[in-house]
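1. Mind looking at a prediction? Sequence and model below.
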Amino acid sequence: MIATPDRTPLPRTFFDRPVLEVAPDLLGRILVRATPDGPIAVRLTEVEAYDGGNDPGSHACRGRTPRNDVMFGPPGHVYVYFTYGMWHCMNLVCGPAGRASAVLLRAGEIVEGAEAARLRRLSARNDKELAKGPARLATALDVDRTLDGTDACASGETPLRILAGTPIASGQVRNGPRTGVSGAGGDGELHPWRYWIDGDPTVSPYRAHVPRRRRT
DNA sequence: CTAGTGATTCCCT
DNA sequence: GGGAATCACTAGC
């Protein structure tokens, strides 16, 4: 018998913990995006931890800037960045405030509002690909920089909120090197901080970071 | 399935 | 000015 997902919002205290504790605990949780077409909900299946200033792979490793400002703020808020000239990716900030740690949401299963998500993801060949990858997840949920700094733990009507869902037993959680991260050779050995649900079909393929030469 | 490459723009050095 | 926490597409196995 399959347990019904818990629709209770996650409290801010959930995020006010070390990022390596929060990241695997986010698997199986449900993020809800309110849109004019109705809610789109994603069950998280893959995440990556970024541990503030000590982490060479983190956007916060060179200090506070206008872009990463939200990472230095209170936990439970959403950090959205724009990358590769085209894409957005979203994170949830973890505690304590000022630590600048966050969890990148890398992939998930759309469990509500798939019709609305498909409108944003016309290249997806099937529903498993709707949110298979961090930029795909943000696109499917219509998330961009205008949502940077949104409080995912606020009560009342908010563009983004996160529900308890169904946590994943530790035996079903796998971890390994982060995907596509520059700034740390041998990153997999030192920072195996990508977590995913074992065998889940919506988990994105692993790709090592490859520095690209500028077109002449 | 894997591997290689162009797209496109913001941010920080 | 260089590079980026990526994706879509193609070729080949």
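-> Noted; the coordinates are in hand. Residues are numbered from 1 along each chain as shown, chains lettered A, B, ... in the order given.
2. Distance of A:D37 relative to DNA strand B?
-> 25 Å (Cβ to the nearest atom of the strand, to the nearest Å). Glycine gets a C-beta too; all of them are placed from N, C-alpha and C.
3. typo on my end, it should be A:Q172
-> Taking Cβ to the nearest atom of the strand, one finds A:Q172 at 20 Å from DNA strand B.
4. cool, and A:R7?
-> Look at A:R7 and DNA strand B: by Cβ to the nearest atom of the strand, they are 32 Å apart.
5. ok now do that residue, which residues does it touch?
-> By Cβ atoms under 8 Å, 6 or more residues apart in numbering, the residues touching A:R7 are A:30, A:163-164.
6. Quick one: mean pLDDT for the host helix or strand of it?
-> Assigned by DSSP states H and E, A:R7 falls within strand A:6-9. Averaged across strand A:6-9, the pLDDT comes to 97.
7. re earlier: what about burial for the contacts of A:R7, which qualify?
-> A:30, A:163-164 (16 or more other Cβ atoms under 10 Å).
8. Return the member of the contacts of A:R7 nearest to DNA strand B.
-> Closest to DNA strand B out of those is A:I30 (25.4 Å), distances taken as Cβ to the nearest atom of the strand.
9. Please name the bridge partners of that closest one.
-> A:R43, A:L163 (DSSP bridges).
10. A:P36 versus that one, what's the distance?
-> Plainly put, A:I30 is 20 Å away from A:P36 if you go by Cβ to Cβ, to the nearest Å.
11. Ok, A:V103 next?
-> A:V103 is 28 Å from A:P36, by Cβ to Cβ.
12. of the two, who's got more company?
-> Shown here are A:V103 and A:P36; by other Cβ atoms under 10 Å, A:V103 has more neighbours (26 against 6).
13. Phi, psi for the spatially most central residue of chain A please.
-> In chain A, the residue lying closest to the centroid (Cα atoms, centre = their mean) is A:L105, at 1.3 Å. Note on A:L105: its backbone torsions stand at phi -90, psi 110 [degrees, to the nearest 10].
14. Let me see the contact set for A:E109.
-> Residues counted as contacts of A:E109 (Cβ under 8 Å, 6+ apart) are A:42-43, A:45, A:128, A:131, A:200, A:202.
15. Most neighbours out of those residues, which is it?
-> A:A131 (32 neighbours).
16. what's the distance between the nearest residue to A:A208 once chain neighbours are set aside and A:G57?
-> If the residues on either side of it in the chain are set aside, A:A208 comes closest to A:G180, at 7.4 Å by Cβ to Cβ, 6 or more residues apart in numbering. A:G180 sits 10 Å away from A:G57, going by Cβ to Cβ.
17. which of the two has more neighbours?
-> Neighbour count, other Cβ under 10 Å: between A:G180 and A:G57, A:G57 has more, with 20 against 15.
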